[in-house]
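*Asks:* next comes the sequence, and after it the predicted model I'd like to discuss.
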Amino acid sequence: MIRLTSFTRRGLPWLCALALAHGGALATAATINVYAAASLTDALQKLAATYQGQSGDTLVFNFAASGVLARQIEAGAPADLLFFADEAHADTLEQQGLLLSGTRRDVLGNSLVIITPPDQAVMTSPAALTNAVYQHVALGDVKTVPCGAYAKTYLTQQGLWPAVAPKVVPFDNVRAVLAAVETGNVDAGLVYATDARVSHRVKVAYAVAPGAGPKIAYPLAVLKAAPEPAAAQRFAAFLQSDAATTVFKHYGFLVPPPPAAP
């Protein structure tokens, strides 16, 4: 079996790994458990169809908030690869020695948007959330959901958090926030630009420019205790290939992730 010892951002190592996989004798099919942020659902499912057909490997996704996934990994869940929506939870696992050395990379970025039901007015400023018309504002749980933590950081930077906090309705992941706005159960919500992009039942009322909000980065890494470390590294290499980058851009992700705001 071939083990890739490092990631690269271009497609040559992926093509080599694929060629070896088709050789049959040098690489065997594997089941790869991928623990991924909920905001990656659509893009990864799209990529999975291509990768599984070409490699022969089977991808099993566990989509949830990054904080929830981190706790599962800490408890010994059989994850091969993590793909989180924030650096903080990946940092925690790395500090505990749970990541395979040299495999971690920040490969994607994102930005925040304020969404509302389609009949609401467009906002000229995020300060509109303090108005009486917005009684309930959906956020991911700020302790476990990276998008919620990013939203709190942004609203704090804008001096709006004390006024918005009493209106916040917390949810378990960013897709649950999206669903709450889609169904009209809340007046507004903060999600990633990529989440709003996949819905036809919400309006982007205000878009936060990437440089105006907190840096949003998606770290990718193989777990030290991965049941299929070589297969996980092959898939990680594919996720950084030109073919995968095209798909991520289609769904609105920023490649590479933007630098932190000064």
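*Replies:* Right, received. Where do you want to start?
*Asks:* what mean pLDDT does the longest helix that the chain contains get?
*Replies:* Longest helix of the chain, by residue count under DSSP state H: helix 41-55. For helix 41-55, mean pLDDT is 97.
*Asks:* and it, what does it pack onto?
*Replies:* helix 12-23, strand 58-64, helix 229-239, helix 242-250 (3 or more C-beta pairs under 8 Å, 6 or more residues apart in numbering; DSSP states H and E). C-beta: built from backbone N, CA, C; applies to glycine.
*Asks:* partners of the shortest one, with directions?
*Replies:* It refers to strand 58-64. strand 31-37 (parallel) (DSSP bridges).
*Asks:* may I see the buried residues of the strand it pairs with?
*Replies:* Neighbour counts over strand 31-37 (16 or more other C-beta atoms under 10 Å) mark I32, N33, V34, Y35, A36, A37 as buried.
*Asks:* hey, what's the second one bridged with?
*Replies:* The reference is to N33. Applying DSSP bridges to N33 gives these bridge partners: V60.
*Asks:* contacting residues for it?
*Replies:* V60, N62, A77, P78, A79, D80, L81, P227, E228 (C-beta atoms under 8 Å, 6 or more residues apart in numbering).
*Asks:* and what of the third one?
*Replies:* When the contact criterion is C-beta under 8 Å, 6+ apart, the partners of V34 are L44, L59, V60, F61, N62, A79, D80, L81, L82, F83, F235.
*Asks:* buried ones from those residues, can you make that a PyMOL selection?
*Replies:* In PyMOL, this line selects whichever of the contacts of V34 come out buried by 16+ other C-beta under 10 Å:
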select buried, resi 44+59+61+79+80+81+82+83+235
